[in-house]
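Peer 1: A predicted structure for the sequence below; I have some questions about it.
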Amino acid sequence: MTMLTEIRRKLPLMKPQTEDTATPETAQAVLELAIETIIPNRNQPRSTFNQNAIQRLADSIRRYGILQPLTVRKVLLPSSPSHPERNQAVYELVAGERRLRAAKLADLTTVPCIVINTDDATSAELAIVENLLRENLNMFEQAEAFERLIREFHLTQDEAARRVSMSQSAVANKLRILRLLPEERQKILQSGLSERHARALLKLTEPTLRGEVLDRIIDQKMNVSATEAYIDRLLTDIARFQTAEEAKKASQPEHSVELPPVDAIKPSEPPTTLVARPRPKVRINDLQVFYNSIQNAVNILKTLGINGTIDKREHDDEVTVTIALTRAEH
């Protein structure tokens with residue numbers, strides 16, 4: 001089955017013609033067209049071409065000719081002041097970009113073509129599907145072609161998948177790798193990593209971390225299994241660290257009191273005497289709160305290895321509180 005037949009089976013374009021109404025073009029006759037009358041497809045999804053492969057194809061064409069005709073459609077180029085001669089019919093390439101490039105390298109002046117009658121939208125869809133049916137698109141060109149097919153022709157993933165006899169899940173996986181940054185895509189292609197490498201990297205959502213991991217994968221020449229195991233282990237470590245941090249934060253009191261260092265209090269220092277100035281109409285409850293605060297402070301110091309005693313004396317016009325601190329003997 002030729003490429004054109006496969007495309008027509010998946011994307012029917014033309015109504016059957018009878019012998020009475022058939023013309024050389026509508027009957028899909030093979031015509032020899034001048035190369036200069038064929039213009040590239042404006043919707044060509046392929047952005048890069050393997051020049052070595054095209055050179056080998058050109059060598060084959062010199063020896064055996066073009067075995068599979070190109071597919072073109074007739075279009076009318078609008079004229080302009082700079083190109084008044086443009087108001088004439090030319091042929092836009094629908095399928096066969098590599099063959100056309102190789103034919104030019106082989107210095108051919110004409111190429112065999114099949115002319116089909118189709119509109120702009122169907123021609124663009126044909127160009128995308130024709131390239132998707134080939135296997136020499138890189139993974140990102142293929143994903144971009146599927147994205148265009150879905151976006152420009154309002155297809156679902158399932159409908160796009162049926163165009164090229166693929167499953168919906170396979171198309172969805174290809175579309176996912178478009179979430180990678182342009183510089184990440186370039187590194188993946190230059191280092192020869194696979195689509196499974198690319199999908200494994202998508203588990204890392206933070207771009208900086210993902211870039212560092214990608215460099216490590218390339219430097220250590222990890223295969224797919226090693227890459228997936230490394231990323232899974234990294235995600236496990238990250239989750240464990242985040243859980244520990246959350247537990248640590250939850251265990252901390254909302255208001256912590258910073259205690260003075262033990263060395264800041266020397267046993268040789270004389271007892272500190274606090275004298276409360278006379279205060280008119282002092283209530284017993286007020287003094288009790290004061291005493292409790294002092295007692296709590298002494299209790300805290302005991303946990304640090306410092307013993308303290310409180311001597312409280314009340315007079316008619318004043319209250320004397322004496323605190324004596326000593327380092328506990330070990």
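Peer 2: That came in fine, so what should we check first?
Peer 1: can you map out the strands along this protein?
Peer 2: If DSSP state E is used as the criterion, the strands of the chain fall at 30-34, 38-39, 70-76, 89-95, 110-116, 272-276, 306-314, 319-327.
Peer 1: looking at the ones you listed, which is closest to residue 140?
Peer 2: Ranking those by their distance to residue 140 (criterion: C-beta to C-beta) puts strand 89-95 first, at 21.3 Å. (Glycine included, C-beta is placed from N, CA and C.)
Peer 1: list the buried ones in the closest one?
Peer 2: Judged by neighbour count (16 or more other C-beta atoms under 10 Å), strand 89-95 contains these buried residues: 90-95.
Peer 1: any chance of these in JSON lines, plus distance to residue 63 and pLDDT?
Peer 2: Formatted as JSON lines, these follow (distance: C-beta to C-beta, whole Å; pLDDT from 0 to 100):
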{"residue": "90", "distance to residue 63": "29", "pLDDT": "88"}
{"residue": "91", "distance to residue 63": "26", "pLDDT": "90"}
{"residue": "92", "distance to residue 63": "29", "pLDDT": "89"}
{"residue": "93", "distance to residue 63": "23", "pLDDT": "88"}
{"residue": "94", "distance to residue 63": "26", "pLDDT": "85"}
{"residue": "95", "distance to residue 63": "23", "pLDDT": "82"}
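Peer 1: Tell me the spacing between residue 72 and residue 90.
Peer 2: Separation of residue 72 from residue 90 (C-beta to C-beta, to the nearest Å): 9 Å.
Peer 1: got any residues that touch both of those two?
Peer 2: Overlap between the neighbourhoods of residue 72 and residue 90 consists of residue 38, taking contacts as C-beta atoms under 8 Å, 6 or more residues apart in numbering.
Peer 1: which one is residue 93 nearest to, not counting chain neighbours?
Peer 2: The spatial neighbour of residue 93 that comes closest, neighbours along the chain excluded (C-beta to C-beta, 6 or more residues apart in numbering), is residue 41 at 4.8 Å.
Peer 1: Can you report phi and psi for that neighbour?
Peer 2: When read as degrees, to the nearest 10, the backbone of residue 41 gives phi -80, psi 130.
Peer 1: nearest to residue 237, of the buried residues of strand 89-95?
Peer 2: Using C-beta to C-beta, the buried residues of strand 89-95 come closest to residue 237 at residue 95, 49.8 Å.
Peer 1: my read: the closest one touches residue 133, true?
Peer 2: No. Because the distance of 9.3 Å does not satisfy C-beta atoms under 8 Å, residue 95 is recorded as not touching residue 133.
Peer 1: Now do the contacts for residue 181.
Peer 2: The neighbours of residue 181, taking C-beta under 8 Å, 6+ apart as the test, are 207, 211.
Peer 1: Sorry, wrong one. I was asking about residue 187.
Peer 2: By C-beta under 8 Å, 6+ apart, the contact list for residue 187 reads 214-215, 218.
Peer 1: re the thing from before, what about the residue nearest to residue 93, how many residues close to it?
Peer 2: For residue 41, the number of neighbouring residues by other C-beta atoms under 10 Å comes to 25.
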